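Q: okay, here's the prediction I keep looking at, along with the sequence it came from:
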Amino acid sequence: MARITAGVTTSHVPAIGVAIDRGETTTDYWAPVFAGYEWSRKWMAENLPDVVILVYNDHASNFSLEVIPTFAIGCAESYRVADEGFGPRPVPEVQGHADLSCHLAEQLILEEFDLTVVNRLDVDHGLTVPMSLLFGQPQAWPVRVVPIAVNVVQYPQPTGRRCYELGKAIGRAVASFPEDLTVHVWGTGGMSHQLQGPRAGLINPTFDNAFLDRIVDDPERLTHIAHLEYLREAGSEGIELIMWLIMRGALGERVTPLHRFYHVPASNTAVGHLVLDAG
Amino acid sequence: MAERPDFDDIPGTTVFTAERSRRGFHLNQFCMSLMKPENRARFKADERAYLDEWPLTEAQKAAVLARDYNAAIAEGGNIYFLAKIFATDGRSFADAAANMTGMTPEAYREMMLHGGRSPEGNRSIKEGR
């Protein structure tokens, strides 16, 4: 039987990927960011899962405005690294776990979560930056990945409540997969940031730290945060935090926090990171 | 029926709704075309000629040519799509953000190093908080 053993949340700032790819992780600016992931990288190396269900958002890389799926699941054997305007990141191709993807798609749709099935998907920094942060720069990624893409670009994004419930359904669907697999669920994006308009640069450490507290102990309360509150408090791009609720829903009622990190800034963004044990 | 919140009450922020997505469809699709190296090369060689291949309004073209990202957003652009333009220019997201705030890249970077823009006074125009 497959089982979820841990959850990870992390921001997926593109500039972090650039810093890694250019070997700038020890500069005065970047060293404090990467220091916050040192413990996690060691822990990850010792606790590698077979598969990561990686919840992220596409940033106008694979999905144009022609089709805007609210929730999409990759069901491919592998996923190419997208060219986001400056050439693809120099990271390995992402290997999928198509059997688990197909099982999840079937179970989730029958549970009335109408995910879009995607058989060809190029993945951008939203998916690859978290992998670089947790796995470093290997020749091949040490895990297989089931990508779940959430629309956070065009309003209305799915509600936090819907994301949390989807996470719970993912938890049930993983538990019914017959193969003996260990699985992590990662929720990426956030924390507070705004990338557009005269209010760009907004950061709200009070909101962020309360979110970090509650995602562990009281996720139910976070499901009541409405779109307007995310926009006001966490900036126009802070609504990415709904993706953390998918991770949290999948982990079950009680989790044990193993690691917590918060840092401002990485480029325009507040970086938040948690490792949660599902046991 | 769910009522749409008063997004215009949030200072300095444009929410990318389905209506804006319709209005900016061709502008944003143009941006996405810059994900291909051959298109980036053609755009760089003659920006105006490349833009003229797309059914854009004159205001949309002018915003792109001037790299006026606030104007591009007002014309239906979305920042994740517009990012392909400044990526093509070799500029960072922080530089583009500085452009939209009217700050120099140095002043913007300095603000971020000191904790970013506070939400105090930036939440609601009507409520002044």
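A: Cool, got the structure.

Q: give me the residue at the spatial middle of chain A.
A: Nearest to the mean C-alpha position of chain A, by C-alpha atoms, centre = their mean, lies residue A:188 at 2.3 Å.

Q: which ones are touching that residue?
A: By C-beta atoms under 8 Å, 6 or more residues apart in numbering or on different chains, residue A:188 lies in contact with A:9-12, A:54-57, A:126-127, A:129-130, A:240, A:243. In short, each C-beta sits where N, CA and C put it, glycine included.

Q: what is the nearest of those residues to chain B?
A: Nearest to chain B among the contacts of residue A:188 is residue A:57, at 9.0 Å by C-beta to the nearest C-beta.

Q: now for the closest residue to the closest one other than its chain neighbours, how many residues are close by?
A: Leaving aside its chain neighbours, residue A:57 sits nearest to residue A:152 (4.5 Å; criterion: C-beta to C-beta, 6 or more residues apart in numbering or on different chains). If you count neighbours by other C-beta atoms under 10 Å in any protein chain shown, residue A:152 ends up with 25.

Q: distance check, the residue nearest to residue B:33 when sequence neighbours are not counted against residue A:10.
A: In this structure, residue B:33 finds its nearest non-sequential neighbour in residue B:39, 4.8 Å apart by C-beta to C-beta, 6+ apart. Going from residue B:39 to residue A:10 by C-beta to C-beta, to the nearest Å gives 32 Å.

Q: okay, those two: which has more neighbours?
A: Each of residue B:39 and residue A:10 has its neighbours counted (other C-beta under 10 Å); residue A:10 has more, 27 against 17.

Q: any idea how chain B splits into domains?
A: According to automatic domain parsing, chain B comprises the domains B:16-90, B:92-129.

Q: export the ones you listed to TSV and tack on mean pLDDT and distance to residue A:78?
A: Listed next are those as TSV, based on pLDDT from 0 to 100; distance: least, C-beta to C-beta, whole Å:
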stretch	mean pLDDT	distance to residue A:78
domain B:16-90	97	19
domain B:92-129	96	28
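
Q: minimum distance to residue A:235: which of those domains has it?
A: domain B:92-129 (8.3 Å; C-beta to C-beta).

Q: span of that closest one from start to end?
A: 31 Å (C-alpha to C-alpha, to the nearest Å).

Q: that domain near chain A at all?
A: Yes: counting by C-beta under 8 Å from any C-beta of the partner chain, chain A is contacted by domain B:92-129 at B:92-94, B:96-98, B:100-102, B:108, B:111-113, B:115-119, B:122-124.

Q: narrow those to those in strands?
A: Among the residues of domain B:92-129 next to chain A, no member falls in strands (DSSP state E).

Q: of those, buried ones?
A: B:92-94, B:96-98, B:100-101, B:108, B:111-112, B:116-117, B:119, B:122-123 (16 or more other C-beta atoms under 10 Å in any protein chain shown).

Q: out of the residues you listed, who's nearest chain A?
A: For those, the minimum distance to chain A (C-beta to the nearest C-beta) is 2.9 Å, reached by residue B:116.

Q: for residue B:40, the count of nearby residues, please.
A: 22.

Q: got a list of what it touches?
A: Residue B:40 touches A:85, B:34, B:88, counting by C-beta under 8 Å, 6+ apart.

Q: please name the bridge partners of residue A:8.
A: With DSSP bridges as the criterion, residue A:8 is bridged to residue A:186, residue A:275.

Q: burial of it, as a residue count?
A: 25.

Q: not counting sequence-adjacent ones, nearest residue to residue A:63?
A: Counting by C-beta to C-beta, 6+ apart, the nearest residue to residue A:63 once its immediate chain neighbours are dropped is residue A:69, at 6.8 Å.
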